[in-house]
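In: need a structure here:
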Amino acid sequence: MPALLSELEDIPVVSARSIFEPLGVQEPYRWKVLCFRRIVDCFTFDAAGKKGPSSLISIGDGWQERVAAMMAAQDVELACVKCLKFLEQPGVDQLAQELDLCSQVFEGLAGHPSWVDACYSYTEAWGLQLEARAADTSALGGSFAAVQGTVEVVSTDTAWASSCIVVSVSTAI
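Out: Purely as a prediction, here's the structure:
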């Protein structure tokens, strides 16, 4: 645990609730939208006018994080938003698998040239799965190149978004 603590020391922790509830904002969803917008504003442009990061990556277990990240990016010049939704109430083994799979795909998702919306699901029959949708499918497979598991294109859904595919990454528990 001491090694983990030293790794986490430089990671800022932000509580949307502690910032915005005292200001009278009552809805948790609004806390998250305002917090993401504040974070995006801080990193999009610096004082010299240089462009900052082109992507916002949201990792969370609630729908509020996904919607808030997408809304925060609408008003700025972010190239794309990547959302990774964890299971809402995973067991310990499932959470460990989610974190392991997240570490395998994180770099690929971060470098993906378009938006990505990914979420975990779990069934007894299939185990943990990570499904991802993206506008630019040409690089989506490469985003999952580091995965130790089964990666397959499940379907193409052009009605949902142009060039949208669903990739399922399955691992056995």
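
In: Quickly list what Tyr122 is bridged to.
Out: Bridge pairing for Tyr122 (DSSP bridges) gives the partners Leu128.

In: Flag every buried residue along the lengthiest helix in the chain.
Out: In the chain, taking DSSP state H as the definition, the longest helix is helix 92-111. Neighbour-count burial for helix 92-111 flags Gln94, Leu95, Gln97, Glu98, Leu101, Cys102, Gln104, Val105, Phe106, Gly108, Leu109 (criterion: 16 or more other Cβ atoms under 10 Å). Where C-beta positions appear, they are placed from N, C-alpha and C, glycine not excepted.

In: avg pLDDT for it?
Out: Helix 92-111 shows a mean pLDDT of 86 in the predicted model.

In: I'd like to know which elements it is packed against.
Out: Here helix 92-111 touches strand 55-60, strand 80-85, strand 116-123, strand 127-134, helix 140-143, strand 165-171, going by 3 or more Cβ pairs under 8 Å, 6 or more residues apart in numbering; DSSP states H and E.

In: relative to strand 116-123, how tilted is it?
Out: Interaxial angle, helix 92-111 versus strand 116-123 (axes from the mean of the first three to the mean of the last three Cα atoms, to 10 degrees): 160 degrees.

In: Please shift the residue numbers so they start at 6 in all later answers.
Out: I'll keep to 6 as the first residue from here, and by that count the last item is helix 97-116.

In: Got the confidence number for Lys56?
Out: Per-residue pLDDT puts Lys56 at 64.

In: An error on my part: the question was meant for Ser168.
Out: So Ser168 comes in at 43 (pLDDT).

In: Run through this structure and note the low-pLDDT ranges.
Out: Residue ranges of the chain with pLDDT under 70: 6, 9, 48-59, 78, 80-84, 141-178.

In: Just the element for Arg35, please.
Out: Element membership for Arg35 (DSSP states H and E) is helix 33-49.

In: Export the helices and strands packed on helix 97-116 as JSON lines, with columns for distance to Arg42 and mean neighbour count.
Out: Converted to JSON lines, the helices and strands packed on helix 97-116 look like this (distance: least, Cβ to Cβ, whole Å; neighbours: other Cβ atoms under 10 Å):
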{"stretch": "strand 60-65", "distance to Arg42": "10", "mean neighbour count": "18"}
{"stretch": "strand 85-90", "distance to Arg42": "12", "mean neighbour count": "22"}
{"stretch": "strand 121-128", "distance to Arg42": "19", "mean neighbour count": "18"}
{"stretch": "strand 132-139", "distance to Arg42": "24", "mean neighbour count": "21"}
{"stretch": "helix 145-148", "distance to Arg42": "26", "mean neighbour count": "19"}
{"stretch": "strand 170-176", "distance to Arg42": "29", "mean neighbour count": "19"}
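
In: Alright, that wraps it up for me.
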